[in-house]
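Enquirer: heads up, no residue letters with this:
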């Protein structure tokens, strides 16, 4: 890098890993958040996957603005993930938090050396493991369908009610249906957590997902795969790679046949949720 | 993401296209937090959460956007 290039670029860091020839080769064909070529910065038995990014886009003000704008945040997140996911199959990686940026590669080496005693045991723990996401939702459309089906045959009295009373009765049933669906979902979530916990070596609870972005989330589902519903559990599990498929199918099986519930399994992921920051206050709630 | 590989190859490497919200859970709550240079506070989870409140929380129609501090 020339001196003028150093002034114009910063170093975006994606992940910490072991420096192997395979990892270096894999990194060299990856493009990062600024469409830059990715490479490894190595120091002893540790490496970081990094790429040079334009300083004017990654200085604090620009970056903050970018994080507030969904399309730019998405591009950044997907670019970051593309590098991490491209390296994860080759061996343990410690993904870094989004938007970790340094002045130059020497600073990256310095940080690797300073944190070596934390990184090495973490890499050892995560080697040969993958992360799965398990999300449990209530499925209100399911309980509505049940409500619509049951009363007509079961009571036969619906037609006898005035329109106003019929409306109120239907509304009460819907509310009851939603409460039941929530309780069923909570019980299913508990059963799944038990099933999943037996196969996993770690669990981290993320915040339940809310809002517009939550409505478009996809993934493997059991229980009908309908959109909507309230996310009541959003957990990440660390699972040995050789039990990965077993984990997925057993979790989905545990959700089979549960009315009013929808379960999504996402992954396998690089172990983002288990690259725990050293400060306990800064990590997601451990369970 | 754009890569030297074509997009499909990249997705094969990354697994299928993941939902943004699942990715943000991991990139903003997970991952190793290192103090970076110049953008030190960006890596701080609280600041990121405040910034993201504009993106994630207010779009729930039942719970309108809280006033940002």
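Expert: All right, it came through fine. The model shown is predicted, which means the values in this text are computed figures rather than measured ones.
Enquirer: Next to chain B, which bits of the stretch 101-250 of chain A? Give me the list.
Expert: Residues of the stretch 101-250 of chain A lying close to chain B (Cβ under 8 Å from any Cβ of the partner chain) are A:101-103, A:107, A:111, A:115, A:119, A:122, A:131, A:133, A:204, A:206-207, A:209-214, A:216-219, A:234, A:236. (C-beta placed from N, C-alpha, C; glycine too.)
Enquirer: can you do 6 Å?
Expert: Proximity of the stretch 101-250 of chain A to chain B is confined to A:101-103, A:107, A:111, A:133, A:206, A:209-214, A:217-218 under the rule Cβ under 6 Å from any Cβ of the partner chain.
Enquirer: Point out the least confident member of the residues you listed, please.
Expert: Least confident entry in those, by pLDDT: residue A:218, with 43.
Enquirer: give me the element residue A:177 is part of.
Expert: Secondary structure from DSSP states H and E places residue A:177 in helix A:163-199.
Enquirer: So which elements touch the following helix or strand past that helix?
Expert: Tracing the chain past helix A:163-199, the next element assigned as helix or strand by DSSP H and E is strand A:202-205. In terms of contacts (3 or more Cβ pairs under 6 Å, 6 or more residues apart in numbering or on different chains; DSSP states H and E), strand A:202-205 is packed against strand A:231-240.
Enquirer: What is the neighbour count of residue A:171?
Expert: 10 (other Cβ atoms under 10 Å in any protein chain shown).
Enquirer: Can you pull out the low-pLDDT segments for chain B?
Expert: B:1-16, B:35-69 (pLDDT under 70).
Enquirer: Now with 90, please.
Expert: For chain B, applying pLDDT under 90 flags the ranges B:1-21, B:24-25, B:27-69.
Enquirer: So if we follow the domain assignment, how does it break up?
Expert: Annotated domains of chain B cover B:1-31, B:32-69 [automatic domain parsing].
Enquirer: does residue 34 sit in a helix, a strand or a coil?
Expert: Here I'm looking at chain A. For residue A:34, the assignment made with DSSP: H, G, I helix; E, B strand; the rest coil gives coil.
Enquirer: ah, I was thinking of chain B
Expert: Assignment for residue B:34 (three-state DSSP): coil.
Enquirer: hey, what's the nearest residue to it once chain neighbours are set aside bridged with?
Expert: In this structure, residue B:34 finds its nearest non-sequential neighbour in residue A:100, 5.3 Å apart by Cβ to Cβ, 6 or more residues apart in numbering or on different chains. Taking DSSP bridges as the rule, residue A:100 bridges to residue A:13.
Enquirer: Would you agree residue A:100 is in contact with residue A:13?
Expert: Yes. Using Cβ atoms under 6 Å, residue A:100 is in contact with residue A:13, at 4.8 Å.
Enquirer: Am I right that residue A:262 sits in a helix?
Expert: No. Checked against three-state DSSP, residue A:262 lies outside a helix; its state is strand.
Enquirer: I am assuming it contacts residue A:138, so please confirm or correct that.
Expert: No. If you go by Cβ under 6 Å, residue A:262 and residue A:138 don't touch, sitting 7.7 Å apart.
Enquirer: residues bridging contact with these two, i.e. touching both?
Expert: By Cβ atoms under 6 Å, 6 or more residues apart in numbering or on different chains, residue A:262 and residue A:138 have these common neighbours: residue A:229.
Enquirer: sorry, back to before: from the residues of the stretch 101-250 of chain A next to chain B, which land in helices?
Expert: Here DSSP state H is the test, and those give A:107, A:111, A:212, A:213, A:214 as lying in helices.
Enquirer: possible to save the residues you listed as a markdown table with neighbour count?
Expert: As requested, these are exported to a markdown table (neighbours: other Cβ atoms under 10 Å in any protein chain shown):
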| residue | neighbour count |
| --- | --- |
| A:107 | 17 |
| A:111 | 23 |
| A:212 | 14 |
| A:213 | 20 |
| A:214 | 23 |
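Enquirer: Okay, the residue positioned nearest the centre of chain A and residue A:209: tell me how far apart.
Expert: Nearest to the geometric centre of chain A sits residue A:133, at 6.1 Å (Cα atoms, centre = their mean). Note on residue A:133: its distance to residue A:209, by Cβ to Cβ, to the nearest Å, is 10 Å.
Enquirer: Domains of chain A: list them as residue ranges, please.
Expert: Taken from automatic domain parsing, chain A resolves into A:3-127, A:130-282.
Enquirer: okay, those, which one's buried deepest?
Expert: Mean neighbours per residue, mean count of other Cβ atoms under 10 Å in any protein chain shown, is largest over these for domain A:3-127, with a mean of 19.
Enquirer: What is the host helix or strand of residue A:84 packed up against?
Expert: Here residue A:84 sits within helix A:70-87, counting by DSSP H and E. Judged by 3+ Cβ pairs under 6 Å, 6+ apart, helix A:70-87 is in contact with strand A:9-17, strand A:93-102, helix B:20-29.
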